[in-house]
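[1] Quick one, structure for this:
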Amino acid sequence: MDQLGVLTGPYTIKSMKPCDLNSSTRKEILEYFENSYSLNETLFTALKNKKAFYVCPDRLRLPLIFYYAHTATVYINKLILAGLITERVDMDFETLFETGVDEMSWDDTENYRMGGSFQWPSLKDVVTYRLKVRKIMRKVIEETPLKLPITMKSVWWAVLLGIEHERVHIETSSVLIRQLPLEMVTTPTGWKHAPINHGMGAGKNELITTKATEVTLGKPFDFPAFGWDNEYPRLSIKVPSFKATKYLITNKEFLEFVEDGGYKRKEFWSEEGWKWRCFRNAKHPSFWVCSSGCKSGCGGTLQGFTHCQASNIQHNGNGLNGNGHSNGYGYRTMTEVICLPGDWPVDVNYLEAKAYCAWKGPEFRLPSEAEMYVMRGAQISADAGVSCDPVFCNDFREKYNSDMIFNSSSPVNMFTASDSGFHDTFGNAWGWTEDNFNGYPGFQTHPYYDDFSDPSFDGFHNIIVGGSWASTGQQASWFNRASFRRHFFQHVGFRLVSSINTSDIPPIRVISSKVHILSVGSKENMCLLPYTHKNMFVPTANKQILNDTAGNLNKMLYKQYGVISNNYYGNLAEFVDGTMHDNNPLQSALVLGCATGRLAFHLSRTFSKVTGIDYSSRFLEAAIALKRDGTFEYSDNTHTKDNSSKTFDDSWSKKKVVVPFDIDRSRVLFKQLTWIPNELKDFDLVVLDFLDRVMNIEAWLLRLWKIIVPSAIVVIVSPTDWNDEKLASVIGQNLKCVDSIIMVEDCDGVEHIAKNVTTWKTKQN
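    Numbering: from 1, shown residues only. A predicted model of the protein is given here:
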């Protein structure tokens, strides 16, 4: 059952309901935590040997040892952020295992942690760490005062965040285990697959017509269950009538596409999809197994491995027609290869799903998120509380293949249809949608996980909804909406949809904003719809992406380097110098919001090491170029002929920035980050100077006291409504304000912006 000793608690394969935050007791929250922790660890008993923890099942993902440890470190990092604990378990672990990878493309370079030369901690040490975290979580839950209802502003939100984050990774780790070589996995005790067929079989996958209606996506901020930031607030959308397949597309249906040469016919694929298909040399869905030695996409030491070996194809059950015939294909479940189950949903990425749609005909596409809501049937208002969400209902496990009642997909006709006539609107396999992942109007990040969703509001992630057989807890909720890049593999399938009236505008939300990628440049979202309408396009809800423009770069360069008289950034540099007169030695400084680097370069005169952090790709490209070359050109477009108005765009004459010759540029390091990770630490000075342009001010304040030495100085530049009193409400438990002034940013008369500049020290200093 646990031959590698990965369990720090009981073995379990049964999931519990999420917590009702209006009524949950301390005992119920503790039981839910224990269930989540044990369920995740039980998943790892599927690994047959220690080697399986350290190889890369996917060339763009980390080894499973990372994911086994990662969820535990997130508990600690979030508890510290919320102030529920003050001492770490192991800072090295909580840094190494803090953050995974999010590749931009299928052909990205492998992460340095995937190489065989990288030394991960031993499995024994990680198990010991997980046990320590388990004990800490028990203590926090048992001793933290509990006031109901638990809301987003409660410190208990950090507890629930850690629990639901663990459940997210139960599912994503199950996919990685599914990608491992068969000889590295074993079937956990009590694990059971769904039957290959149900009744007389699924039969024809008919199109069902829906009536025009209106649905409400999302939920109110005070909904009494945990939710990720992207699930709020509510958004009502009118949905024209449409037709959709009553089932998810099955393996049997997709086989027709494969046998018709679908993977060889460029005309069915988008430009992005065809590039991916050629790079992977894909011939069939990733979890199908043939005997042709197809590229498996593993990384590191498994780079040349293939699942497609004749020895892996086992005709040990009923096939497509219930007669043991599988057309030469096997099917990889998480731990076995079985005969291709024709009535189970096919698992594909978005690009493959779109190729199938094109093969079926130009009228077909994938559903929108709103159309998926329609397929679920009658909607109970979120005002009713948790009773509106099927995952809280006692019959949820009877109605849907979710919550790990089976450890595989199931026949698409096995579970009852919604009152709209559609099967598997929850569970079995997630469903791809045409919508780009984006926040609803009014989107807000949460300070405990500021960058959970919004970095993916880039037009290159698509929404998946409905959950799969492996979805548990909040992952299986009515309101859950996940996202992945279009080439990504998960337990995800799809349906066909067709509009009834071609004049109707489908309720699809596509991001219109361009995203600028550091060292790559601007990328425009390649909309893969056969037709579009201007009403489908919406800006990204991530204002950081929205504001990362060429015009704003020119504006920032002018403000930092071009303004001659009363330069705000020069004044700020003088102010910071004045705060440091009693501090010695001056080793390390951090500028959060370094923009194009002026203050970071200035501080290198005093500090032996200066780190500049920003989220803006364009700002950092300029800063990095200045560090490398000492010069950078920008458009000086701040004056019209009559000086009557001043604008910032990229259409005027060029000016050159030159870093002063007495600055040792090698002392400065620039990094792109959207949060403060554990790798940032032990600074003598921290200057925080971009609170006017971040998504969540509180998120950038919470960890300041943890990244400095006891004698350090912290300088915070904030909007005037964030004065020293309001700042103290967030950081005052650990830092004290020693000075406060108002500084005006006057950009040659273009702008007059008052800013609150405060100086802080640790309370023991």
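[2] okay, CA-based contacts and neighbour counts for the rest of this
    Noted.
[3] Show me which positions of the helix or strand harbouring residue 355 end up buried.
    Taking DSSP states H and E as the definition, residue 355 sits inside helix 350-360. Counting neighbours by 16 or more other Cα atoms under 10 Å, one finds that the buried residues in helix 350-360 are 350-359.
[4] Over to stretch 716-728?
    Buried, per 16+ other Cα under 10 Å, within stretch 716-728: 716-719, 722-724, 727-728.
[5] From those residues, which land in strands?
    716-719 (DSSP state E).
[6] Name the next helix or strand downstream of the helix holding residue 355, please.
    Heading C-terminal from helix 350-360 (DSSP H and E), you reach helix 369-375.
[7] So which other helices or strands are in contact with that next one?
    Judged by 3 or more Cα pairs under 8 Å, 6 or more residues apart in numbering; DSSP states H and E, helix 369-375 is in contact with strand 213-217, strand 235-239, strand 430-436, strand 461-465.
[8] mind checking how far that helix is from the chain centre?
    Here helix 369-375 is found 22 Å from its chain centre; the criterion is Cα atoms, centre = their mean, to the nearest Å.
[9] which residues are in contact with the helix or strand following that helix?
    Sequence-wise, the next helix or strand downstream of helix 369-375 (DSSP H and E) is helix 396-399. Residues outside helix 396-399 that contact it (Cα atoms under 8 Å, 6 or more residues apart in numbering) are 390, 403, 405, 415-416.
[10] What is the most widely separated pair among those?
    Largest separation among these by Cα to Cα: 403 and 416, giving 16.3 Å.
[11] Pick out whichever of those two has more residues nearby.
    Each of residue 403 and residue 416 has its neighbours counted (other Cα atoms under 10 Å); residue 403 has more, 26 against 15.
[12] Contacts only, for that one.
    Here residue 403 is in contact with 14-15, 397, 469-473, 476 (Cα under 8 Å, 6+ apart).
[13] Extract the residue ranges of this structure that are flagged as low pLDDT.
    102-117, 314-326, 531, 582-585, 637-652, 747-750 (pLDDT under 70).
[14] Which helix in it has the most residues?
    helix 156-179 (DSSP state H).
[15] Need the contact partners of that helix.
    Applying Cα under 8 Å, 6+ apart, the set of residues contacting helix 156-179 is 33, 36-37, 39-40, 43, 46-47, 57-58, 64, 67, 71, 74-75, 78-79, 82, 141, 146, 150-151, 185, 226, 298, 332-335, 448, 470-475, 489-491.
[16] Export that helix to PDB, keeping only CA atoms.
    Provided in PDB are the C-alpha atoms of helix 156-179 (Å, rounded to 0.1, in the frame of the first residue of the first chain):
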ATOM      1  CA  TRP A 156      -8.900  31.400   7.900                       C
ATOM      2  CA  TRP A 157      -9.000  32.200   4.200                       C
ATOM      3  CA  ALA A 158      -5.300  31.300   4.100                       C
ATOM      4  CA  VAL A 159      -6.000  27.900   5.700                       C
ATOM      5  CA  LEU A 160      -8.700  27.100   3.100                       C
ATOM      6  CA  LEU A 161      -6.500  28.400   0.300                       C
ATOM      7  CA  GLY A 162      -3.800  25.900   1.200                       C
ATOM      8  CA  ILE A 163      -6.300  23.100   1.400                       C
ATOM      9  CA  GLU A 164      -7.900  23.800  -2.000                       C
ATOM     10  CA  HIS A 165      -4.500  24.400  -3.600                       C
ATOM     11  CA  GLU A 166      -3.600  20.900  -2.500                       C
ATOM     12  CA  ARG A 167      -6.700  19.500  -4.200                       C
ATOM     13  CA  VAL A 168      -5.800  21.400  -7.500                       C
ATOM     14  CA  HIS A 169      -2.500  19.500  -7.500                       C
ATOM     15  CA  ILE A 170      -4.100  16.100  -6.800                       C
ATOM     16  CA  GLU A 171      -5.500  16.400 -10.200                       C
ATOM     17  CA  THR A 172      -2.500  17.900 -12.000                       C
ATOM     18  CA  SER A 173      -0.200  15.300 -10.400                       C
ATOM     19  CA  SER A 174      -2.500  12.500 -11.600                       C
ATOM     20  CA  VAL A 175      -1.900  13.800 -15.200                       C
ATOM     21  CA  LEU A 176       1.900  13.700 -14.700                       C
ATOM     22  CA  ILE A 177       1.700  10.200 -13.300                       C
ATOM     23  CA  ARG A 178      -0.400   9.200 -16.300                       C
ATOM     24  CA  GLN A 179       2.600  10.400 -18.500                       C
END
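[17] Before I go, just wanted to say thanks for your time.
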